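> What would the 3D arrangement of this be:
(2 chains)
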There are 2 protein chains.
Amino acid sequence: MPSRLVTVAPDTRPAMYEAMTRAVIAGGATLVDTADAEGLIWADPARPDTFPDVIAATTRLEWIQLPYAGIEPFAHHLDDRWTWTCGKGVYAPAVAEMTLAMILSGQKHLYGYARASSWSGPVGRMLAGSRVAILGGGGITSHLIPLLAPFKCDVTVVRRSDQPFPGANRTIPVARLHEVLPLTDVLVLALALTNETIGIISAAELTALPRHAWLVNVARGGHVVTDDLVTALAAGSIAGAALDVTDPEPLPDGHPLWSATNCLITPHIANTPEMGLELLEPFVAENVRRFCASDELLAPVNVTLGY
Amino acid sequence: MPSRLVTVAPDTRPAMYEAMTRAVIAGGATLVDTADAEGLIWADPARPDTFPDVIAATTRLEWIQLPYAGIEPFAHHLDDRWTWTCGKGVYAPAVAEMTLAMILSGQKHLYGYARASSWSGPVGRMLAGSRVAILGGGGITSHLIPLLAPFKCDVTVVRRSDQPFPGANRTIPVARLHEVLPLTDVLVLALALTNETIGIISAAELTALPRHAWLVNVARGGHVVTDDLVTALAAGSIAGAALDVTDPEPLPDGHPLWSATNCLITPHIANTPEMGLELLEPFVAENVRRFCASDELLAPVNVTLGY
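Okay, here's the model as predicted:
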């Protein structure tokens, strides 16, 4: 297999720079300076401002690997002189782990016990055999379903199409969401935020859930009408909510969700930088291998569509 | 299959009485009054005091099913005129769920976020691929390993014998515990408390663990030297501890573990009454079925040994 010449830049974030350097070598490329590079691995999501200078130093660049799924900071640099790839789908395993952690924290009342400073009584139910409805049929869902498998949950995937989702007990189109809600013990939001899905969970949906149900949101805060959720939690019309995302976000100090006794909030950290690097490194190594072998690259960016 | 005559007593705990009644019927027996019963399902673990009166009313009793694994409250009633069975192993699925919940709460810092009232920064690591050492080779371990399977953890079971534990990557005798500790990300205690295992985790073991390691105890508080754990948590020589059991237990108000920022305490509720009934009902139904069919009963109590 012929080697190719790949660079890593910028070097402003040491842990990431080192991980990406390891990935270039693991993928079988030769690590070179920017001037000689055929491939560029971008190694600091927080520094898109340095992009023009790095690019100006290149002479024979063909491929740019961006670090995250969301490429908004680089959108105005997109240019079809080069092939672009990103981190789409790379972080779904981390988000799926967080989703199960949040589900179990709710079922076992750990969020409540964590706040206690005194021995108290038994609260909690079995996850095994529970009815889990997952809104969204993307990477998070495909990584979550295997984690739920040993619990023998009854899993309903609610998605745009009704094409059966692998591993789900049934797949239902979004239009039939209200049929599913009353039969749901745990409702997981793992869908993309679009005009159609903004506020998809409002008072009507929360009321339709059983009183013992939990809402877990690892998608975007805008899927949930926050005021309606505050009302539902206060009224006990659902048992609780675990939110990695909120609207507004960051959730301001003093917001009623902070003081709800049945709400667990994590600050949009389902994928932490530490976890992300662990997942990104083998992914980039694989894309480097493909670049060297002239195979199809993973997670291509459509320059015209901008994602 | 011939039916047998089975009674449920006492009726002091309605939810349990009803569940056990359903189990008798599901198992194919005929539900009768105590006077006619060949089998007795004990339906209130908190009322062993009523046992002599119930027994006095029986005339043709052969079999007594006790509700929990620990039969201490009935120990002085044990009598080989009857066949005794208990709830040994029934609750392991609940404890295994709690164990995974606690592991994930540690890895994802949920215990910390639950205490926050303000948006904060990213903390957390992947459970996938972690090295999990489980002390004990009983029912909890056999139920926990399948829950860990989709995370592709590297699982070491540490037990009295070195007989390979199904599903573990390796099985090590307790004498070699110290070889395992430095290579452990999560240490789970799921063993029985005996003279040999009291204080098995003390300063030496906690120091041998990596600084990022978590301790999860779902066995008995006495396995851990509490003062040594308090010291290790304060010094950061391990990352944290999740304890469903403590020594002393209940943990008194004001105990330093309550205020440790890296300690999650649950009040010995891995198996709540609600969860327990869900598991006990099908188990008792199966034992009733076996009683009717004269098959070997599950979870027999050895009257001589007293357990």
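> Which parts of the stretch 201-307 of chain A are helices?
Ranges of helices within the stretch 201-307 of chain A are A:203-208, A:226-235, A:256-259, A:273-293, based on DSSP state H, counting those that start in this stretch.
> which other residues reach the longest one?
Which is helix A:273-293. In this structure, residues lying in contact with helix A:273-293 by Cβ atoms under 8 Å, 6 or more residues apart in numbering or on different chains are A:1-4, A:6, A:15-16, A:19-20, A:22-24, A:26-29, A:38-39, A:41, A:63, A:65, A:67-68, A:85, A:87, A:90-91, A:93-94, A:271, A:295-299, B:122, B:124-126. Where you see a C-beta, it was placed from the backbone N, CA and C, and this is true even at glycine.
> what does stretch A:203-215 give?
A:103, A:106-107, A:125, A:177-178, A:181-182, A:184-187, A:189, A:201, A:224-225, A:228-229, A:231-232, A:236-243.
> mind listing which of those are in strands?
Taking DSSP state E, the ones among the contacts of stretch A:203-215 that sit in strands are A:186, A:187, A:189, A:240, A:241, A:242, A:243.
> So which of those residues is the closest to chain B?
Lowest distance from chain B to the ones in strands among the contacts of stretch A:203-215 (Cβ to the nearest Cβ) belongs to residue A:242, with 8.4 Å.
> show me what contacts that closest one?
A:102-103, A:105-106, A:111, A:214-217, A:263-266.
> Same check on residue A:301?
Counted by Cβ under 8 Å, 6+ apart, residue A:301 has contacts A:66, A:71, A:78, A:84, A:85, A:86, A:307.
> Ranking by neighbours, what's the top pick from the residues you listed?
Greatest neighbour count in those, by other Cβ atoms under 10 Å in any protein chain shown, goes to residue A:66: 24 neighbours.
> quick one: contacts for that one?
Residue A:66 is in contact with A:42, A:74, A:84, A:85, A:86, A:87, A:301, counting by Cβ under 8 Å, 6+ apart.
> will you turn the residues you listed into JSON lines that also has pLDDT and secondary structure?
Converted to JSON lines, the contacts of residue A:66 look like this (pLDDT from 0 to 100; DSSP: H, G, I helix; E, B strand; the rest coil):
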{"residue": "A:42", "pLDDT": "96", "secondary structure": "strand"}
{"residue": "A:74", "pLDDT": "84", "secondary structure": "helix"}
{"residue": "A:84", "pLDDT": "95", "secondary structure": "strand"}
{"residue": "A:85", "pLDDT": "95", "secondary structure": "strand"}
{"residue": "A:86", "pLDDT": "92", "secondary structure": "coil"}
{"residue": "A:87", "pLDDT": "88", "secondary structure": "coil"}
{"residue": "A:301", "pLDDT": "89", "secondary structure": "coil"}
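> returning to that earlier point: tabulate the ones in strands among the contacts of stretch A:203-215 (TSV), appending pLDDT.
Putting the ones in strands among the contacts of stretch A:203-215 into TSV (pLDDT from 0 to 100) gives the following:
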residue	pLDDT
A:186	98
A:187	98
A:189	98
A:240	98
A:241	98
A:242	98
A:243	98
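> re earlier: narrow the contacts of stretch A:203-215 to those that are buried.
Buried by 16 or more other Cβ atoms under 10 Å in any protein chain shown: A:103, A:106-107, A:125, A:177, A:181, A:184-187, A:189, A:201, A:224-225, A:228-229, A:232, A:237-243, out of these.
> From the contacts of residue A:66, pick the one nearest chain B.
For the contacts of residue A:66, the nearest to chain B is residue A:87 (15.5 Å; Cβ to the nearest Cβ).
> Could you list the low-pLDDT ranges of the stretch 101-250 of chain A?
Across the stretch 101-250 of chain A, nothing is flagged by pLDDT under 70.
> Spell out which residues of it are next to chain B.
Contact residues (Cβ under 8 Å from any Cβ of the partner chain) of the stretch 101-250 of chain A with chain B: A:101-102, A:104-105, A:107-128, A:146-147, A:149-151, A:250.
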